[in-house]
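> structure for the following, please:
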Amino acid sequence: MARQTISCEWSSKPRHYLQECQKIHCASEEVLDHPLKPLVVTVTESRVVRRAFGGSTTSSTGSSTPTPTLDPLGVTLDGSDPLSQFACQEMDPLSKMAADSWDGIPNSKRGIDTTEDIVEPWSARKSGILSKFTTSEKLSIVTSFLSGGEKVVVKAQSSVVDKVKNRLEQLDDFEEGSVRQMLDLSQQEYMGRIEQLNQELVQAWHHDQRVKALKIAIQCSKLLVDTSVIQFYPSKFVLITDILDIFGKLVYERLRTKAEYYVPGSKTPTALPENFTPDMVPESAKETCRNWFYKIASIRELVPRLYVEMAILKSYSFLTSTEFSQALLRLTRMTRGIGDPLVAVYARCYLCRVGMTVATADREYIKENFYDFLATYHQLFTPTIRSELTKLKVDLSTYLTLYTPALDWILHGVATNAPEKLLVEILARCKEKCNSALLLNSIMAAFKPVYIASRALQFIELLSACDEEGFPQYLLFRTLGLCLTLADPPADVRLQVLNDVWRIVTKLEDPGHYISCAEVWIQFAVKHFSSREVNTFLGDIIRHMTPDRAFEQYYTQLQAVISKILMHTSDFESLFTMDKFLPLLDMFQKESIKVSVCKSVMDSFTANYQESTNDPVIINALMFICRILHDSVNALTVEDEKRQIGNLISAFVRNVEYGRDFEQQLSFYVEARSAFTNLDAVHAHLVHSVNRLAVETRCIVKGHHTRKTAAFVRACAAYCYITIPSITSVFTRLELYLLSGQVALLNQCLGQADACFKAALSIIPELPPTMDVDGKQKSTEPYLVSYVSQFLSTLLVVPDNPEQGVLYLTRALINVLQQYPWDLSCNAQAVIYMNVLDMLTAASQEYYLYHVEKVDSNDTLYGSDPKFITEINKMCSILLEEILIHLKNLGINEQYQAQATLAVSLFSRVVIRGNLKDGALLNLAVNLWNLAQKHNCVDPKQVTKIAEYLKKKSLQQDGNVYSELLAKIQFRKE
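Below is the predicted model of the structure:
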């Protein structure tokens, strides 16, 4: 078969596109409703009542209007989409679930909220405490449950009385001879040892060693008595109380597991529900619970006894529902026995934290804890404490900051949902205390910002009078600033507030203290004042940060300043007219941080500045920022970073619009190309932008170019032609050359279009054999097939250059494709050849299916000249020969499925495109069909469709040739 048809001559079938379009044209009519609009059916029901014999009645229901057929989804949703249906419900699904779960709670418990539900969780504060309160000093642990360290000798007991006493105190003392003291531990090593104790506790519990677990909890509690490394104490408190929380949870869950009860009417024991009441708890579980509290009550030392009882406080719920308030008040008064004020305040903090987790609405114990602290507040400034701090080499201000986590938490509990009069009461008590700065700081942090904002001037007066020796004054103004960012003070005092605060802050000599306040108060200035005040603020920051290059130590705070400016700025013109903004950016000397800041500026600009701009101030400032981003790109920059920077710069380029001044627009694109030479994404965007500019020019002149506009669009084409080669990606270059050629052709720039098309053909051989798709390597041949198909659709309307010969670009494309290293096991090359065959057949028609306005295509230039048609048929015959050779090779290699698929495709093209009146083509079609059917590899559905098509064509005028073809081929019945 192949020998007979390999030299077959092609002859294209004449087509009359206009007549074909008229035949398939569908009549249209105007409608009032969208055809896809949901169908709403109104059904009217009527009820007919018939009286039967014996006085009974029967009824029948009938519908007065027929019900149209609805799609299943429409029926299900009653003609509305799911979101609209949910919106019509009285309650959304989540709220309904919440209501259902609430219905399952007994009424007795509904009115009781745990304070924890309305107070910021402790977990949100832990990481901040651990990161702030660190130390470089060496730490120590005394424990009997970790290996290593020095052994501590415990004196043996000789008398019987001593032995009995020792046995009673076994919960206090460690196992005899096993106590070890670990010295010279770094902070990380210390935290690791604490974690080991935690694991030991859990492991002991799971091995039913309850006494050992209790001893570990006691030993951990004893560590909170040690304040030798006082700067680390808040972090130590966090670590130890985490272990105590775990211990308390283990005890609670153990008691709940043992407290199985019998539901009334049932003989099967059931676990207690989450919202159980004490009367549901069996007596055996209550006895176990009491034993735990008895064991803890026998601990001799106050601090561990307090902490361990507080840890299992929730277990009181097994005994009585009224015990919580009494226990909390009792533990509150027991903390008065702790002598060290730092240890005492953290014990109170833990008590308040645990108390907030239990179901009690009584919060008097929290207020009592705070007032107890106030009563002992004077101890913080006694000579004893000062001498101790001198020994530890800790100044008073550092010592006072150690109180802030605990005091903030206690006051937070007091202030939650508290009325404003409570703030007045507490402020009055605090004014009576000397050195009240610590108290004022916690009050501002705890109470609602709106309360603080309404008294802003009063607080400024109180803070200004605070002694600088005690709690750091800059922290007070920072806390006040945080409050005023959350709630606005009265409008008539805002300027006075800023002036009064800054009169003090600007005198701070320590750059760290200064910038700590500035990063907070800049938000207040940006929200309430004009760019003039903000510019003055920035100038003050630069003045404080410049001496001794102090800014290098405070990049994080300076970044926060920039972020807060951007957060509250939408007028970028005013932002960039401030003469201190760009100098502030220049203070970021470290490249990675500078790039990060510039990214945030560009992100804010692209997100908030939706309009285009031609303001030179904005353009120059953003060009400066974008150059910084661009210059950060080097050979080591990862692709994702390049993509981010490229997108930001492209967004800037997209936002610059000069309106009808197209020449100025092109000049900007030229400047951008020279400024951003390392980013393919930016160059590709510039090419797209210039092509868009050329198309807009054509739209304005409505296709009738003047000498000036013609020169301009040629300049645009030249820009694209020069820019594209600098792009690294072959795929991007191919697409841009084709697009630029199409735009040039649209603007009647035939020479520029030819240059772009030739450039595209010249780089097809550079295509790599594989490409990355979603992290996987795949062949580029499917991409090339798609690209060439698009290219061919353009080449159809490209007129021939008289100096180059007939269809010179198509010939060049065929030559490139013949030299391309194809994978012979696939049909990609043959598919492209068939697509070229389609295009050449279209090119041989008297009138083309589409044209480019004001561009004469080859149908006009040649007018179906016989020589032109002959030349096309010769090219088609060569392509046909190449396809047939490929078919033969597939058969030789026994690739029958691929052979059948290709044979059917070629058969379809011969039938549709070829002139079957030529006997050679008719025989070729028959041979191709037989080849496709030879190995039963063709889809039966496809065979059926082809048969139907041929039968339909045979019934039409001049359908004899299709009848003849049908007579010569056989359709196998599957």
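> residue 600 against residue 562, yeah?
Yes - taking Cβ atoms under 8 Å as the definition, residue 600 is a contact partner of residue 562 at 6.5 Å. From N, CA and C alone the C-beta is placed, and that goes for glycine too.
> the more surrounded of the two?
With neighbours defined as other Cβ atoms under 10 Å, residue 600 and residue 562 compare such that residue 562 has more, 22 against 15.
> could you point out which element follows the helix or strand of the chain with the lowest mean pLDDT?
Using mean pLDDT, DSSP states H and E, helix 107-110 stands out as the lowest-scoring helix or strand of the chain, at a mean of 38. Sequence order places helix 123-132 as the next helix or strand after helix 107-110, per DSSP states H and E.
> what's across from residue 914 in the sheet?
With DSSP bridges as the criterion, residue 914 is bridged to residue 12.
> so it sits against residue 11, correct?
Yes - counting by Cβ under 8 Å, residue 914 touches residue 11, with 6.6 Å between them.
> more neighbours, the two?
residue 914 (24 against 19).
> residues contacting that one?
Contacts of residue 914 were listed using Cβ atoms under 8 Å, 6 or more residues apart in numbering, and they are 10, 11, 12, 13, 841, 921, 924, 925.
> quick check: closest non-adjacent residue to the last one.
Of all residues beyond its chain neighbours, the one nearest residue 925 is residue 910 (4.7 Å), with distances taken as Cβ to Cβ, 6 or more residues apart in numbering.
> name the element that neighbour belongs to?
In the assignment (DSSP H and E), residue 910 maps to helix 896-913.
> list the buried residues of that helix.
Under the neighbour-count criterion of 16 or more other Cβ atoms under 10 Å, helix 896-913 has 896, 898-911, 913 buried.
> next SSE after that helix?
Helix 896-913 is succeeded, C-terminally, by helix 919-933 (DSSP H and E).
> mind checking the pLDDT average for that next one?
Throughout helix 919-933, pLDDT has a mean value of 89.
> do stretch 121-129 as well
On average, stretch 121-129 scores 85.
> please compute how far it lies from its chain's middle.
In terms of Cα atoms, centre = their mean, to the nearest Å, the centre of stretch 121-129 is set 24 Å apart from its chain centre.
> which positions within it qualify as buried?
122, 125, 126, 129.
> JSON lines for those, including distance to residue 482?
Shown next, in JSON lines, are those (distance: Cβ to Cβ, whole Å):
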{"residue": "122", "distance to residue 482": "20"}
{"residue": "125", "distance to residue 482": "15"}
{"residue": "126", "distance to residue 482": "20"}
{"residue": "129", "distance to residue 482": "17"}
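> next, the angle from the helix holding residue 910 to helix 919-933.
150 degrees (axes from the mean of the first three to the mean of the last three Cα atoms, to 10 degrees).
> just checking, what packs against helix 896-913?
Here helix 896-913 touches helix 828-843, helix 866-892, helix 919-933, helix 940-954, going by 3 or more Cβ pairs under 8 Å, 6 or more residues apart in numbering; DSSP states H and E.
> in CSV, list these along with mean neighbour count and distance to residue 435.
Converted to CSV, the helices and strands packed on helix 896-913 look like this (neighbours: other Cβ atoms under 10 Å; distance: least, Cβ to Cβ, whole Å):
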stretch, mean neighbour count, distance to residue 435
helix 828-843, 22, 84
helix 866-892, 18, 95
helix 919-933, 20, 98
helix 940-954, 14, 91
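> can you put these in a markdown table and add distance to residue 617?
A markdown table is the format used below for these (distance: least, Cβ to Cβ, whole Å):
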| stretch | distance to residue 617 |
| --- | --- |
| helix 828-843 | 52 |
| helix 866-892 | 59 |
| helix 919-933 | 70 |
| helix 940-954 | 65 |
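> and the helices in the stretch 301-450 of the chain?
With DSSP state H, counting those that start in this stretch applied, the stretch 301-450 of the chain shows helices at 302-311, 323-334, 341-355, 364-375, 383-392, 396-401, 404-415, 420-431, 437-446, 449-454, listed in chain order.
> same question but for the stretch 451-600 of the chain, I mixed them up
Using DSSP H, counting those that start in this stretch, helices in the stretch 451-600 of the chain cover 456-464, 473-486, 494-505, 511-528, 531-545, 555-567, 572-577, 581-586, 591-608.
> so where is the stretch 451-600 of the chain shaky, pLDDT-wise?
Scanning the stretch 451-600 of the chain for pLDDT under 70 picks out 467-468.
> ok, now with 90
462, 464-473, 568-574, 576-577 (pLDDT under 90).
> which residues does the residue nearest to residue 925 contact?
Contacts of residue 910 (Cβ under 8 Å, 6+ apart): 916, 921, 924, 925, 928.
> picking that back up, of all the helices of the stretch 451-600 of the chain, which lies closest to residue 30?
With Cβ to Cβ as the criterion, residue 30 lies closest to helix 591-608 of these, at 43.1 Å.
> buried stuff in the helix or strand just after the closest one?
Using DSSP H and E, the helix or strand that follows helix 591-608 in sequence is helix 616-631. Buried residues in helix 616-631, counted by 16+ other Cβ under 10 Å: 618, 619, 621, 622, 623, 625, 626, 628, 629, 630.
> about what we covered before: state the distance from the residue nearest to residue 925 to residue 875.
Distance, residue 910 to residue 875, by Cβ to Cβ, to the nearest Å: 16 Å.
> now stretch 414-433: how far from the chain's centre is it?
42 Å.
> mean confidence for it?
88.
> between the two ends of it, how far is it?
End-to-end distance of stretch 414-433 (Cα to Cα, to the nearest Å): 19 Å.
> ok, residues contacting it?
Residues contacting stretch 414-433 (Cβ under 8 Å, 6+ apart): 115, 118-119, 363, 366-367, 370-371, 374, 377-378, 436, 439-440, 443, 446-448, 451, 462.
> can you do 6 Å?
118, 119, 366, 367, 370, 377, 436, 439, 446, 447, 451 (Cβ atoms under 6 Å, 6 or more residues apart in numbering).
> what do you get for stretch 804-815?
With contact meaning Cβ under 6 Å, 6+ apart, stretch 804-815 is reached by 757, 761, 795, 871.
> tell me the buried residues in stretch 572-583?
Neighbour-count burial for stretch 572-583 flags 572, 574, 575, 576, 578, 580, 581 (criterion: 16+ other Cβ under 10 Å).
> how much space between the last one and residue 515?
Translated: residue 581. 17 Å.
> please apply the same query to the first one.
The span separating residue 572 from residue 515 equals 25 Å under the rule Cβ to Cβ.
> now the fourth one
In this structure, residue 576 lies at 23 Å from residue 515, with Cβ to Cβ as the measure.
> what helix or strand is residue 250 on?
Going by DSSP H and E, residue 250 is part of helix 233-258.
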